[in-house]
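Engineer: The following comprises the amino acid sequence and a computationally predicted model.
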Amino acid sequence: MKIPEGFRKQSSNLNRDNGLIGIMPCRNPSQGMRSGTWRHFGSASSSDQCTISCPQTQIWWGKKEDPTCPLCQGRQTIEHVLSSCKIALSQGRYTWRHNRVLQELAAIISTAKGETTLPNTNALIFTTEGGAKSWHGRPVRTTNQIKCLLDGCDDWDVSADLPEWDSHPSIIKQTRLRPDIVIHSASTQQLIMVELTVPYENRMEEAHIYKREKYMNLTKELENAGYKAVVMLVEVGARGFVGSSVYDLLTKLSICGNKRTKALKLLAEIAENSSRWIWSRRNERFLHKD
């Protein structure tokens, strides 16, 4: 499935106040549905979240009788539209959103690979006045030598399961699984695999457990082959909630401070804008193709 090129330009120009989550009826359901006013998730109070004008809520408000999804005939709730419609899944709508988030995450991770230097193992030497006695202190890292997953070598390569990125190392290709991102050091035979999921927010923990079990055997297989392998499972919610797993990943790659904050915000915006597009096409059985 090819998403219309115009959407990228359109989504980048959308006003922040016209965000995805929650059509806000302003305590007046009929007015809210007529105006179709969108409210950004981050600015919506907890009591107003998930009040988007889908058929299910319109039934509650007495504005519609049929809550059926026109694509798969299931019940068309917000969760259904954004993550559970079988037809939307088969058409690649959710995969498209996942790959948009993955593209940005891979770009963010690639900026970290050249910022790590080899740790300084030389201990400080203390000497008494006159030099009569001396002793070694503890090794001290400088500020640009933050302990992270990339410490110890400087030949890291980043690959992603995307057409425009380098393919994964041969050792990964020999397995039956394809992680979304692989950070690889040939000199030390280290592999840091990143697996991204973009689930509906109430299923983030479930998705994390499922992926953990899925990749458990792969880690053992790589370790038996002589590699040091680590799998980092991360989740970005379909409505723009970024899981703490992403924060932890960036921190372990020494992407911290303002850089990390900007990265988290950007990932949230991409997921949200993509879901907005999916929502806007919820009743279209066939998408326009270029």
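Structural biologist: Looks like it arrived, so ask away.

Engineer: ok, residue 274 - contacts?
Structural biologist: 11, 96-97, 100-101 (CB atoms under 8 Å, 6 or more residues apart in numbering). (Each C-beta comes from the backbone N, C-alpha and C, glycine too.)

Engineer: pLDDT (mean, whole number) over the helix or strand hosting it?
Structural biologist: Using DSSP states H and E, residue 274 sits within helix 257-280. Averaging pLDDT along helix 257-280 yields 96.

Engineer: Among the contacts of residue 274, name the ones in helices.
Structural biologist: Counting by DSSP state H, the contacts of residue 274 place 11, 96-97, 100-101 in helices.

Engineer: hang on, the earlier thing: of the contacts of residue 274, closest to residue 150?
Structural biologist: residue 101 (22.2 Å; CB to CB).

Engineer: thought that closest one was touching residue 196?
Structural biologist: Yes: applying CB atoms under 8 Å, one finds residue 101 in contact with residue 196, separated by 6.5 Å.

Engineer: so what's in contact with these two at the same time?
Structural biologist: Common neighbours of residue 101 and residue 196 (CB under 8 Å, 6+ apart) are residue 236.

Engineer: As a markdown table, the ones in helices among the contacts of residue 274 with pLDDT, distance to residue 241 and neighbour count would be great.
Structural biologist: Shown next, in a markdown table, are the ones in helices among the contacts of residue 274 (pLDDT from 0 to 100; distance: CB to CB, whole Å; neighbours: other CB atoms under 10 Å):
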| residue | pLDDT | distance to residue 241 | neighbour count |
| --- | --- | --- | --- |
| 11 | 45 | 18 | 16 |
| 96 | 97 | 19 | 17 |
| 97 | 98 | 14 | 24 |
| 100 | 98 | 16 | 20 |
| 101 | 98 | 12 | 25 |
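
Engineer: pLDDT-wise, which helix or strand of the chain ranks last?
Structural biologist: Ranked by mean pLDDT, DSSP states H and E, the weakest helix or strand in the chain is helix 29-35, scoring a mean of 31.

Engineer: Name all residues that make contact with residue 169.
Structural biologist: 157, 159, 182, 184, 191.

Engineer: Give the residue spans of the stretch 151-290 of the chain that score low on pLDDT.
Structural biologist: Residue ranges of the stretch 151-290 of the chain with pLDDT under 70: 288-290.

Engineer: hang on, residue 148 in a strand?
Structural biologist: No: the assignment for residue 148 (DSSP: H, G, I helix; E, B strand; the rest coil) gives coil, which keeps it out of a strand.

Engineer: Can you tell me the element residue 70 falls in?
Structural biologist: Using DSSP H and E, no helix or strand contains residue 70.

Engineer: hang on, isn't it packed against residue 283?
Structural biologist: Yes: counting by CB under 8 Å, residue 283 is a contact partner of residue 70 at 5.1 Å.

Engineer: I'd assumed residue 154 was in a strand, is it?
Structural biologist: No: under three-state DSSP, residue 154 falls outside any strand and is assigned coil.

Engineer: For residue 112, see how far away it is.
Structural biologist: Distance, residue 154 to residue 112, by CB to CB, to the nearest Å: 12 Å.

Engineer: Please apply the same query to residue 155.
Structural biologist: 14 Å.

Engineer: Residue 223 now?
Structural biologist: Distance from residue 223 to residue 112, by CB to CB: 24 Å.

Engineer: cool, and residue 150?
Structural biologist: Residue 150 is 7 Å from residue 112, by CB to CB.

Engineer: Overlap of the contact sets of those two?
Structural biologist: With CB under 8 Å, 6+ apart as the test, residue 150 and residue 112 both reach 253-254.

Engineer: any idea where the strands of the chain begin and end?
Structural biologist: For the chain, applying DSSP state E gives strands covering 123-127, 134-139, 156-160, 181-185, 190-197, 228-235.

Engineer: can you pull the contacts of residue 188?
Structural biologist: So residue 188 contacts 152-153, 228 (CB under 8 Å, 6+ apart).

Engineer: export those residues to CSV and tack on neighbour count?
Structural biologist: Formatted as CSV, the contacts of residue 188 follow (neighbours: other CB atoms under 10 Å):
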residue, neighbour count
152, 13
153, 14
228, 13
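
Engineer: As JSON lines, those residues with distance to residue 80 would be great.
Structural biologist: JSON lines is the format used below for the contacts of residue 188 (distance: CB to CB, whole Å):
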{"residue": "152", "distance to residue 80": "47"}
{"residue": "153", "distance to residue 80": "46"}
{"residue": "228", "distance to residue 80": "42"}
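
Engineer: if we can go back for a sec, quick one: which two of the ones in helices among the contacts of residue 274 are the most distant?
Structural biologist: 11 and 101 (13.1 Å).
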